[in-house]
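let's see this in three dimensions:
(chains A and B)
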Amino acid sequence: AQKVTQAQTEISVVEKEDVTLDCVYETRDTTYYLFWYKQPPSGELVFLIRRNSFDEQNEISGRYSWNFQKSTSSFNFTITASQVVDSAVYFCALSEARNTGFQKLVFGTGTRLLVSP
Amino acid sequence: GAVVSQHPSRVICKSGTSVKIECRSLDFQATTMFWYRQFPKQSLMLMATSNEGSKATYEQGVEKDKFLINHASLTLSTLTVTSAHPEDSSFYICSARSGVGNQPQHFGDGTRLSIL
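Down below sits the predicted model:
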């Protein structure tokens, strides 16, 4: 069975601090996708990144970076120089790697990030 | 691109009412749509998955007669909560996925349902 664990329930930082959100996953699939989504207070889910299990290269997008470590089944997310607008709940998710049809997402419990000025 | 619109954004109604929530993909054809439920400060739980023109596949523990899902076209899926009760109050969010290429799911803005 697939499982995603986000051990950090809530993190509070002061603006401009760097913060890392942890994500550990379990799956028996040899190919799979990992995702990060942001859910601001308004409720919508914003897609941030999808990573294929074959691609262990770290990725950077502006202030966001992701560290995929297959050996430890982790897909951590770092926000550099955090801003108040980064305050949200962040979900890590896992799905099997299918090109068509069902692609069920299994979500972690989320990490609430509070960035204060 | 990849915009998913969900309507209404908020519903407050009396117990016993049936409530319909619409999920539309605005700029792509959604072969597959998903419905999730989220309780306050909790994660998203998949309720059901539907392919256009097919019956929905419900997750274990989700009553298909209670939560009716219709995916009649490539751009529209509806979730109807029948005879809603206070315990059905929750945040319902849909997502849609294109059948072209290997695309991720894109989510609607969610519907906050409150049953009095």
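
ok, and the closest non-adjacent residue to the residue nearest the centre of chain B?
Taking C-alpha atoms, centre = their mean as the criterion, B:Trp35 is the residue nearest the geometric centre of chain B, at 3.6 Å. Excluding the flanking residues, the one nearest B:Trp35 by C-beta to C-beta, 6 or more residues apart in numbering or on different chains is B:Met47, at 4.6 Å. C-betas here are computed from N, CA, C, even on glycine.

you'd agree that neighbour is up against B:Val62?
Yes: using C-beta atoms under 8 Å, B:Met47 is in contact with B:Val62, at 4.9 Å.

between those two, which is the more surrounded one?
Legend: neighbour count by other C-beta atoms under 10 Å in any protein chain shown for B:Met47 and B:Val62, higher for B:Met47 (23 against 17).

pLDDT at the more buried one, what is it?
Per-residue pLDDT puts B:Met47 at 95.

how near is the residue nearest to B:Trp35 to B:Ala84?
Per C-beta to C-beta, to the nearest Å, B:Met47 is found 14 Å from B:Ala84.

same check, this time on B:Ser5
From B:Ser5 to B:Ala84 the distance is 22 Å (C-beta to C-beta).

of these two, who's got more company?
B:Ala84 (22 against 17).

now do the contacts for that one.
Applying C-beta atoms under 8 Å, 6 or more residues apart in numbering or on different chains, we find B:Ala84 in contact with B:13, B:15-19, B:113, B:115.

tell me the SS of it?
coil (DSSP: H, G, I helix; E, B strand; the rest coil).

what is the neighbour count of the closest residue in space to it that isn't next to it in sequence?
The shortest distance from B:Ala84 to any non-neighbouring residue, by C-beta to C-beta, 6+ apart, is to B:Ile115 (4.7 Å). When counting by other C-beta under 10 Å, one arrives at 20 neighbours for B:Ile115.

distance of B:Ile115 from chain A?
Distance check for B:Ile115 against chain A: by C-beta to the nearest C-beta, to the nearest Å, it reads 18 Å.

surely that residue touches B:Ser15?
Yes: with contact defined as C-beta under 8 Å, B:Ile115 counts as touching B:Ser15 (5.6 Å).

what does chain A have sitting close to chain B?
By the rule C-beta under 8 Å from any C-beta of the partner chain, the part of chain A lying against chain B is A:33, A:35, A:37, A:42-47, A:50, A:91, A:99-110, A:112.
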